[in-house]
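Asker: Okay, here's the prediction I keep looking at, along with the sequence it came from:
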Amino acid sequence: MDTTTMIAVATLRRTSVVAALIAGSLFIGITVAPAAELGNADETETAVKQIQFFETKIRPLLAEYCYECHGADTQESELRVDTLAGMLQGGHAGASVFPGKPDSSLLVTAISYRDGELEMPPSEKLSDRQIADVRRWIEMGAPHPDSGKISKVRPIGDVDLEEGRQHWAFQSPVKPIPPRVLASSPALPEGEHGDDGGDIAAGNPIDAFLVAKLEAKGLRRVAPTDKATLIRRATFDLIGLPPTPTEIQSFLADDSDQAYSRLIDRLLASPHYGE
């Protein structure tokens with residue numbers, strides 16, 4: 001028995017069970033339900049007929065033409081159409097089905113060959129009758145046996161604006177208070193410990209945040225490098241060239257607190273910066 005026949009047999013069995021349930025529920029509803037509940041019975045009958053339509057018209061169509069590339073084993077473009085959740089979530093191009101909106105559903109766009117870059121199935125276009133059935137199913141609201149079993153599904157690529165607003169880049173700047181880190185902190189390298197127990201934030205608040213994190217992780221900051229290594233690193237970083245012997249000697253001879261700042265300013269002003 002080939003795959004198409006097996007699908008047809010399974011669909012007929014599923015439809016028979018559904019039909020039996022309809023008959024049973026309608027019989028019970030007619031004999032015992034009060035008149036006020038007849039409207040609910042009609043709604044139930046309509047819902048069951050819609051599921052029948054899906055099982056007899058839509059599922060076999062999807063199984064024959066779509067499952068091979070968008071089923072449980074293979075999901076090209078991250079798209080599955082063998083489940084309702086998969087169709088609502090969609091793939092890289094977005095949700096494939098928008099219940100009640102066939103013209104907004106990529107599934108309809110694809111099978112109608114309206115987009116030259118999105119034509120499914122690629123081997124042959126479905127018949128007008130098949131396309132009309134898919135449109136009708138989506139117009140119904142895409143009824144599916146799993147309709148009441150899945151929670152809200154967010155399509156792939158869909159942006160949650162409320163969640164996005166919580167990103168740090170969209171928060172108003174707040175001036176933080178530097179943590180108190182003593183100059184005797186174990187996170188400072190040997191030779192940098194102070195004897196007065198002062199707060200290192202007084203020198204550079206950024207250092208206070210860094211040292212506080214290192215201290216919390218049980219780590220120690222690397223000791224400052226020597227000036228000869230420092231000018232070599234800075235020069236390579238900013239202009240991609242090594243410092244000249246004259247530049248090295250000039251930097252080593254500058255004992256002022258502004259020596260490093262002047263070095264950086266000179267390198268940023270160099271025509272080689274940014275080449």
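Answerer: Nice, I can see it.
Asker: tally of neighbours for S270?
Answerer: By the criterion of other Cβ atoms under 10 Å, S270 has 14 neighbours. (Glycine included, C-beta is placed from N, CA and C.)
Asker: ok, now which ones touch it?
Answerer: L238, I239 (Cβ atoms under 8 Å, 6 or more residues apart in numbering).
Asker: Pop out the phi and psi values for it.
Answerer: Dihedral pair for S270: phi -70, psi 140, per degrees, to the nearest 10.
Asker: OK, contacts around I150?
Answerer: I150 neighbours (Cβ under 8 Å, 6+ apart): L84, A85, L88.
Asker: cool, E215 as well?
Answerer: V181, S185, P186, A187 are the contacts of E215 under Cβ under 8 Å, 6+ apart.
Asker: quick one: the first one and P205 touch, right?
Answerer: No - counting by Cβ atoms under 8 Å, V181 does not reach P205; the two are 10.2 Å apart.
Asker: Mind listing what's buried along the helix or strand F236 falls within?
Answerer: Secondary structure from DSSP states H and E places F236 in helix 227-239. Buried residues in helix 227-239, counted by 16 or more other Cβ atoms under 10 Å: K227, L230, I231, R232, A234, T235, L238, I239.
Asker: Can you convert the residues you listed into a markdown table and add a column each for distance to G141?
Answerer: A markdown table is the format used below for these (distance: Cβ to Cβ, whole Å):
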| residue | distance to G141 |
| --- | --- |
| K227 | 74 |
| L230 | 69 |
| I231 | 71 |
| R232 | 70 |
| A234 | 65 |
| T235 | 68 |
| L238 | 62 |
| I239 | 65 |
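Asker: Please tabulate these in TSV, including the columns pLDDT and distance to W137.
Answerer: Formatted as TSV, these follow (pLDDT from 0 to 100; distance: Cβ to Cβ, whole Å):
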residue	pLDDT	distance to W137
K227	96	76
L230	96	70
I231	97	72
R232	97	70
A234	97	67
T235	97	69
L238	97	63
I239	96	65
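Asker: ok, those residues vs A169, which is closest?
Answerer: Distance to A169, by Cβ to Cβ, is smallest for L238 among the buried residues of helix 227-239, at 27.0 Å.
Asker: tell me which residues in the helix or strand following the helix holding F236 are buried?
Answerer: Once the chain leaves helix 227-239, the next helix or strand it forms, by DSSP H and E, is helix 245-253. The neighbour-count check on helix 245-253 (16+ other Cβ under 10 Å) flags E247, I248, S250, F251 as buried.
Asker: same check, this time on stretch 82-94
Answerer: Neighbour-count burial for stretch 82-94 [16+ other Cβ under 10 Å]: D82, L84, G86, M87, L88, Q89, G90, G91, A93, G94.
Asker: ok, and what's touching it?
Answerer: 62-63, 66-67, 70-72, 75-81, 95-97, 99, 106-107, 118, 142, 144, 146-147, 150, 153-158.
Asker: Try it again at 6 Å.
Answerer: Here stretch 82-94 makes contact (Cβ atoms under 6 Å, 6 or more residues apart in numbering) with 67, 71-72, 77-81, 95-97, 106, 144, 146, 150, 153, 155-157.
Asker: re earlier: save the buried residues of stretch 82-94 as TSV, and put in pLDDT and distance to S261 too.
Answerer: As requested, those are arranged in TSV below (pLDDT from 0 to 100; distance: Cβ to Cβ, whole Å):
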residue	pLDDT	distance to S261
D82	91	65
L84	92	64
G86	91	59
M87	91	61
L88	90	58
Q89	87	54
G90	87	54
G91	88	54
A93	85	53
G94	83	52
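Asker: With respect to D133, which of these is nearest?
Answerer: M87 (15.2 Å).
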